[in-house]
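Enquirer: next comes the sequence, and after it the predicted model I'd like to discuss.
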Amino acid sequence: MGYRRDDVIFREGEPSTYLLLLKQGLVKVTAASETGQVTLLAIRGPGDVIGELSAADGHPQRSATVVAAADVQACLISHQDFIRLTQQRPEIMVAMLHVLSDKLRQASRARVEVHTYTVRMRLAHVLVELAQAYGQEGVDGTRIDLSLTQPELAALVSASPASIARCLRELRQRQILDIGYRHVTLHDMKALAALTQS
């Protein structure tokens, strides 16, 4: 399956029970609150699985919206095929349990970090993780080609957009990063990594 940048892959609340294994590209996972505020929950990329809950339990309602943040290639697996595959090859279910455990661990860690780390530390941590997962090395540093607005980045960090704007301005002034159209370039990964600890 192929999707272009900004295509909606899943829409929150819609009925479908297939999962997608991402082979190429990046997606943004968002959800809306009862008041209608949309929050960015996660970024997923090659090797990640999306839609696994509906594929596993057959519940025909998406819990989040997934939008292509770049051109995406993915392998579609229906609920019926997924169940059959896991029966034939139990190691697939074990791998899926690892995926779900990792996502739960990340969510638990994020809740802890909100109460123990500063906004600057959390922002640095998110940027380092994005660079390690999706960054490409270039002459100017590590480039992350990802269309993220400041409110979306603030949601990932669990901070206000104003706080994120102040931190980004400080990091630019210190020549640790630059922000361009649909990309971020990290000039000093060592300095950024140091900020995750202080």
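Expert: Thanks, I have it.
Enquirer: drop to CA atoms for contacts and neighbour counts, all remaining ones
Expert: OK.
Enquirer: which residue packs closest to Ala32, ignoring adjacent ones?
Expert: Residue nearest to Ala32 in three dimensions, not counting chain neighbours: Val38, with 4.3 Å by CA to CA, 6 or more residues apart in numbering.
Enquirer: so that neighbour makes contact with Glu12?
Expert: No - contact criterion CA atoms under 8 Å: Val38 and Glu12 do not qualify, at 10.8 Å.
Enquirer: between these two, which contacts overlap?
Expert: Common neighbours of Val38 and Glu12 (criterion: CA atoms under 8 Å, 6 or more residues apart in numbering): Ala31.
Enquirer: count of residues packed around the residue nearest to Ala32?
Expert: 15 (other CA atoms under 10 Å).
Enquirer: quick one, what contacts the most centrally placed residue in the chain?
Expert: In the chain, the C-alpha nearest the mean C-alpha coordinate belongs to Ile43, at 1.2 Å (CA atoms, centre = their mean). Ile43 sits next to 26-29 when contact means CA under 8 Å, 6+ apart.
Enquirer: repeat for Leu171
Expert: Leu171 touches Leu177, counting by CA under 8 Å, 6+ apart.
Enquirer: make sure it is indeed in a strand.
Expert: No - Leu171: not assigned to a strand; according to DSSP: H, G, I helix; E, B strand; the rest coil it is helix.
Enquirer: how much space between it and Ile179?
Expert: 10 Å (CA to CA, to the nearest Å).
Enquirer: OK, contacts around the residue nearest to Ala32?
Expert: Val38 neighbours (CA under 8 Å, 6+ apart): 30-32.
Enquirer: so which of the residues you listed are in strands?
Expert: Secondary structure from DSSP state E places 30-32 of the contacts of Val38 in strands.
Enquirer: closest to Val128 out of the residues you listed?
Expert: Thr30 (21.0 Å; CA to CA).
Enquirer: right, and the closest one touches Leu40 too?
Expert: Yes - counting by CA under 8 Å, Leu40 is a contact partner of Thr30 at 4.4 Å.
Enquirer: for Ala95, which residues are in contact?
Expert: Neighbouring residues of Ala95 by CA under 8 Å, 6+ apart: there are none.
Enquirer: give me the neighbour count for Thr39.
Expert: 19.
Enquirer: sec struct for it, please.
Expert: With three-state DSSP as the criterion, Thr39 reads strand.
Enquirer: could you check the pLDDT of it?
Expert: Listed pLDDT for Thr39 reads 79.
Enquirer: now Val114
Expert: Looking at Val114, its pLDDT stands at 61.
Enquirer: so where does Leu22 fall, helix or strand?
Expert: Leu22 is part of strand 19-24 when elements are defined by DSSP states H and E.
Enquirer: sheet partners, orientation included, of that strand?
Expert: strand 49-50 (antiparallel), strand 72-77 (antiparallel) (DSSP bridges).
Enquirer: deepest-packed of those strands, please.
Expert: strand 49-50 (a mean of 20; mean count of other CA atoms under 10 Å).
Enquirer: lovely, talk soon.
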